[in-house]
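S.K.: Mind looking at a prediction? Sequence and model below.
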Amino acid sequence: MKITYENYEKFYFGEASEKYIQSEFYAQGYEALKTSPDIGYDLLVTNCARTKFLREKSRQYNIQVKACVCFENLARFFIDEEDFNCLLEDKNGYLICVLCKPEISYGREDITIYREQSYLPMSSMCENWKSEVLKDKEYLSFNTLKEKEIPYVGYTRQYFWFNNAQLKRLKGEKLIYKNSEYNSICINVEVSSMTIIDRNNKPYEVKSNSLYENAKMGYEQQHIKYLVECDSSDDKMFKGDYYL
């Protein structure tokens, strides 16, 4: 897709998150390749080197990456409905959601103070700055930051993933919903507890049989290592049980 003045900031924000996830796969010894042209996935992940040197069975993971800026305790991820349906039909399909938490610097008038305490979390940011950047929760506009003289220095990132069966279960238990404003599927997450919440931003009790009482992301779902280690022999994971 050709970038323009209107979309380049959003494009770069998305690319940064995709490359972050790519690095997580490479750290586990997997190849993570950007798809071109756009086929509904962001990354195709393979284990060619591991097949060659470790005699592993050949595998492929089709990855959709979504990212949003996390200012408060609520994160909202939007997925194109057609792309989401594609994931539902693909046993090798995975959705990875990336939480991007902005970091703010208060300046470096004194180099000693700068080294010790200039980098502060978003929660410490002045309320007037916060009100300005909250206008766009999907990504931070570089131009807005510059115009408002907000000393943004970067993001810290956290992610979680869902496999095909888990996404089906999300849909079946109505933990996702269609957002008519964006014509997209929406997932709401309470960040502090890493729990999926309903469209009214309220905690949700899982109705079907589950290892858990609520829709809380497990430890496994917050690490690429477990995404590549689960396979069709992992019955609980592939029945959607381990997401929650």
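M.R.: Looks like it came in fine. Numbering: from 1, shown residues only.

S.K.: residue ranges for the strands of the protein, please.
M.R.: 31-34, 43-46, 60-69, 74-80, 93-105, 119-121, 152-162, 177-179, 184-190, 195-197 (DSSP state E).

S.K.: Comparing those, which yields the minimum mean pLDDT?
M.R.: Out of these, strand 119-121 stands lowest, with a mean of 51 (criterion: mean pLDDT).

S.K.: lowest average confidence, helix or strand, in the chain?
M.R.: Using mean pLDDT, DSSP states H and E, helix 111-117 stands out as the lowest-scoring helix or strand of the chain, at a mean of 49.

S.K.: could you dump the strands of the chain to CSV with distance to residue 54 and mean neighbour count?
M.R.: To be clear about C-beta, it is placed using only N, CA and C from the backbone, and glycine gets the same treatment. Converted to CSV, those look like this (distance: least, Cβ to Cβ, whole Å; neighbours: other Cβ atoms under 10 Å):
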stretch, distance to residue 54, mean neighbour count
strand 31-34, 14, 15
strand 43-46, 13, 19
strand 60-69, 16, 21
strand 74-80, 34, 18
strand 93-105, 22, 21
strand 119-121, 40, 13
strand 152-162, 23, 18
strand 177-179, 42, 14
strand 184-190, 35, 20
strand 195-197, 35, 20
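
S.K.: For those strands, please prepare CSV with the additional fields distance to residue 2.
M.R.: Below are the strands of the chain laid out as CSV (distance: least, Cβ to Cβ, whole Å):
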stretch, distance to residue 2
strand 31-34, 16
strand 43-46, 21
strand 60-69, 20
strand 74-80, 19
strand 93-105, 24
strand 119-121, 35
strand 152-162, 25
strand 177-179, 27
strand 184-190, 22
strand 195-197, 35
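
S.K.: between the longest helix along the chain and strand 60-69, how many degrees?
M.R.: Longest helix in the chain by number of residues, with DSSP state H as the criterion: helix 8-27. For helix 8-27 against strand 60-69, the angle by axes from the mean of the first three to the mean of the last three Cα atoms, to 10 degrees is 130 degrees.

S.K.: And helix 8-27, how far out from the chain middle?
M.R.: Per Cα atoms, centre = their mean, to the nearest Å, the displacement of helix 8-27 from the mean C-alpha position of its chain is 10 Å.

S.K.: Also stretch 29-44?
M.R.: For stretch 29-44, the distance to the chain centre is 16 Å (Cα atoms, centre = their mean).

S.K.: and what of stretch 61-69?
M.R.: Offset of stretch 61-69 from its chain centre (Cα atoms, centre = their mean): 5 Å.
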